[in-house]
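Chemist: After the sequence you'll find the predicted model.
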Amino acid sequence: MKFLADGMLGNVTRWLRLLGHDVEYEPLKADSELILRSKLEDRVLLTADIELFRLAKRRGLQAMLLKGESAAESLSKLSRKLQLSLVVDELTSRCPKCGSILTGVVKGSIKNKISDRTYQTYDRFWICGNPGCAKIYWRGSHWRRIEQTLVRARET
C-alpha cells in the first residue's frame, strides 16, 4: 500500500516510513495536484484538510482524514481501517526523512560518520539507501519512546 501525505502530516509520514510504508510527502502542493498524483500513482491520500478529504472521496479516491490526532491515534486509526501492522521490521523499514529503503551496515564502515560514544555503545546500524540522504540509524535511547507510541497505537 502506498500513501501520499499532505503538508500537515509530516509526523505521520515519518512513522509510516519507519513501519516500512511507501509514503510521499508533499508539503507545498495544491489540492488539485495531490488529487491527481494520488490517482495516477494509486496512493491512499492522507490529509488533515476536511475539504481535500471530501474532494478526494467525491473523485472516488481512497483517502483518510487524520485531523488533530496524536501519532498514536493516527497510527491506530490507519491500522484499524487499512489493516496496517504497527511493528517495525528492520527488513522493510524506510528512512523517516526521505522514504528510501534502509539497509543494515557493517559497524566499522560508519565509524567516521557517527560519534565515538554512539559507536562504542551500539552494535547494529542501518543506513538510508539514498546517496543524497545517507542518514544513519540505530536503536538508541529514543527507541523506548518509539515502542511506547506503537504500544499505545496498538491498544487504542
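Modeler: Thanks, I have the structure now. Numbering: from 1, shown residues only.
Chemist: Residue 15 against residue 71, yeah?
Modeler: Yes - at 5.6 Å, residue 15 and residue 71 qualify as touching, with contact defined as CB atoms under 8 Å. C-beta here means a position set from N, CA and C on the backbone, and glycine is covered the same way.
Chemist: Need the overlap of contacts for the two.
Modeler: Contact criterion CB atoms under 8 Å, 6 or more residues apart in numbering; residues shared by residue 15 and residue 71: residue 149.
Chemist: Mind checking which of these two has more residues around it?
Modeler: Higher neighbour count among residue 15 and residue 71: residue 15, with 24 against 17, using other CB atoms under 10 Å.
Chemist: The more buried one in helix, strand or coil?
Modeler: Using DSSP: H, G, I helix; E, B strand; the rest coil, the secondary structure recorded for residue 15 is helix.
Chemist: got the contact list for it?
Modeler: Counting by CB under 8 Å, 6+ apart, residue 15 makes contact with 71, 74-75, 96, 149.
Chemist: And these, which two are furthest apart?
Modeler: 74 and 96 (14.7 Å; CB to CB).
Chemist: Between the two, tell me which one has more neighbours.
Modeler: residue 74 (23 against 20).
Chemist: Does that one lie in a helix or a strand, and which?
Modeler: Using DSSP states H and E, residue 74 falls within helix 71-82.
Chemist: what does the average pLDDT come to for that helix?
Modeler: Averaging pLDDT along helix 71-82 gives 96.
Chemist: Quick check: the gap between residue 85 and residue 29.
Modeler: From residue 85 across to residue 29, the span is 28 Å (CB to CB, to the nearest Å).
Chemist: okay, those two: which has more neighbours?
Modeler: Taking neighbours as other CB under 10 Å, residue 85 and residue 29 compare with residue 29 leading, 16 against 13.
Chemist: If anything else comes up later, I'll come back, but that's it for now.
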